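Undergrad: structure for this input, please:
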Amino acid sequence: MPGLIQSLLNVFKKTFTAFSYLVLGVFTLLGIYVLFNLHLFHVEKPLDRKELSNYVAHVDSTNPLVYVANKFDQHQVVLLGELHRRKQDLDLFKQLIPYLYKTKAIKMIGWEFGAHRYQKAADSIVTASNFDRKKAIAIMRKTIYYWNYEDYLEVFKVIWKLNQEILAKGDTVRFLQLNGVYVPRRWDSENDSVRLHERQSSFDNIMPGIVEKEVLAENKKIIIYCGLHHALTKFETPKFLFLKDHGRAGQALYTKHSKDLFQICLLSPFPPRWLLYYEISKSTKGNFVFPFAGVFNQLLDTLQHPFAVDASNPAFGNLKDHDSFYAFDTFSGVALKDMFDGCIMPAAFDQIVPVDVIDDWVTTNQELNEVKNVLPENVALQINSIQDLIDYINPAANRQAMLEFHQLKKFW
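TA: Numbers count the residues shown, from 1 in each chain. Predicted structure coming up:
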């Protein structure tokens, strides 16, 4: 018996030692991984006069409207990716719609903020004799219950107004709604099959099929306005431990139609390198950072007007971002040419204005109940009035957050 006990003790000691080495190895690797991503050896520096002059010389000589329009000479689909909720971005998009029609005969406009199931309603709004504001609001509200922003709503009116000027019926502009309906009650359901089914009808999953059928198969052209991450084509955003996100709408289209696509980023502050940590810990989102070492911000301070750059130009294509979420899990940073096909700098960050709120977003009890029906039941029970809903959506807080992460301290 003593021999058996001693044998068991020896086995235990060996097992414990092996386990200890394993744990030590895991923590050592995690420590190295953390140090790797702290990126301690890169420091952003102001551009000197020679560098600044070189960049200025390579900025696209046209204005952003012409820059975007020219991309349709070789591509059927232009993806314009925004950060969200910035007035200057929407102003550019609204200017592009009539400009593209008049210069390149672009008759298809698409976006993320309307559900495809309401396409017939959208068609009727932009071709009617009179603009139906209430009907346009309904499409947006039924698609994303909290997206109550006037600047997005105005896109309907811009297209409607343009169509009023078009005499030939077949030449009118069509406004494609490319999203599914966001129903958080189902999106966050505890039932796995319900949750999976709901997420299969998201923008990333249904947009590619609509564009293939309505645009590419018909040999038409379209500009699509959506969130930047949805618009990404060749670039995959990082997750953790070198895993990548490869389920975006732009990526799906790019797999089959790479030559037909051109993707443009509307430059904005980028999320911090350790964004995933902030999200997992549910702490603050951290300070946003200047994209690409603040080069574009310094250029705007010099040029004093919006401008565009092309990734095919080595002066900008090889420019690297080191400090943002997009450079996570990289040591040498990520090059602009590996992220986007082109970029537009619409305004200085400290001059960015948040979009306005739609005051008549919900006006009746019927509309209120429609919204409550998509909300999680525990949330819906707490909403007894229109004001309760507006307080829950809290657009004022969204506007304030937009202002705050644009207030970056310049290092030049």
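
Undergrad: which secondary structure element is home to residue 113?
TA: Using DSSP states H and E, residue 113 falls within strand 108-115.

Undergrad: burial measure for residue 354, as a count.
TA: 20 (other C-beta atoms under 10 Å). Every C-beta, even on glycine, is put in place using the N, C-alpha and C of the backbone.

Undergrad: pLDDT below threshold where in the stretch 51-200 of the chain?
TA: 169 (pLDDT under 70).

Undergrad: could you pull out the strands in it for me?
TA: Under the criterion DSSP state E, counting those that start in this stretch, the stretch 51-200 of the chain contains strands at 77-82, 108-115, 174-179.

Undergrad: also the stretch 301-412 of the chain?
TA: Under DSSP E, counting those that start in this stretch, the stretch 301-412 of the chain gives strands at 307-310, 320-321, 334-335, 342-345.

Undergrad: right, and those strands - which one's nearest residue 164?
TA: The closest of the strands of the stretch 301-412 of the chain to residue 164 is strand 342-345. By C-beta to C-beta, the value is 28.3 Å.

Undergrad: partner strands of that closest one, with direction?
TA: strand 261-266 (parallel), strand 307-310 (antiparallel) (DSSP bridges).

Undergrad: and for the first one, what are the contacting residues?
TA: Read that as strand 261-266. For strand 261-266, the external contacting residues (C-beta atoms under 8 Å, 6 or more residues apart in numbering) are 68, 71, 74-83, 86, 89, 92, 228, 231-233, 250, 253-254, 308, 339-344, 346.

Undergrad: quick one: it to strand 77-82, angle?
TA: 20 degrees (axes from the mean of the first three to the mean of the last three C-alpha atoms, to 10 degrees).

Undergrad: give me the distance from strand 261-266 to the chain's centre.
TA: On the basis of C-alpha atoms, centre = their mean, to the nearest Å, strand 261-266 sits 11 Å off its chain's mean C-alpha point.

Undergrad: for it, C-alpha coordinates in PDB please.
TA: Output of strand 261-266 as PDB, limited to C-alpha atoms (Å, rounded to 0.1, in the frame of the first residue of the first chain):
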ATOM      1  CA  LEU A 261     -16.200  47.600 -57.100                       C
ATOM      2  CA  PHE A 262     -14.500  50.700 -55.900                       C
ATOM      3  CA  GLN A 263     -14.600  51.400 -52.100                       C
ATOM      4  CA  ILE A 264     -14.100  54.900 -50.600                       C
ATOM      5  CA  CYS A 265     -13.600  55.800 -47.000                       C
ATOM      6  CA  LEU A 266     -15.000  59.100 -45.600                       C
END
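
Undergrad: gap between residue 402 and residue 319?
TA: As judged by C-beta to C-beta, to the nearest Å, residue 402 and residue 319 stand 26 Å apart.

Undergrad: actually, residue 202.
TA: The value you get for residue 202 to residue 319, if C-beta to C-beta is used, is 32 Å.

Undergrad: so which of those two has more stuff around it?
TA: Neighbour tally, residue 202 and residue 319, criterion other C-beta under 10 Å: the higher count belongs to residue 319, 21 against 17.
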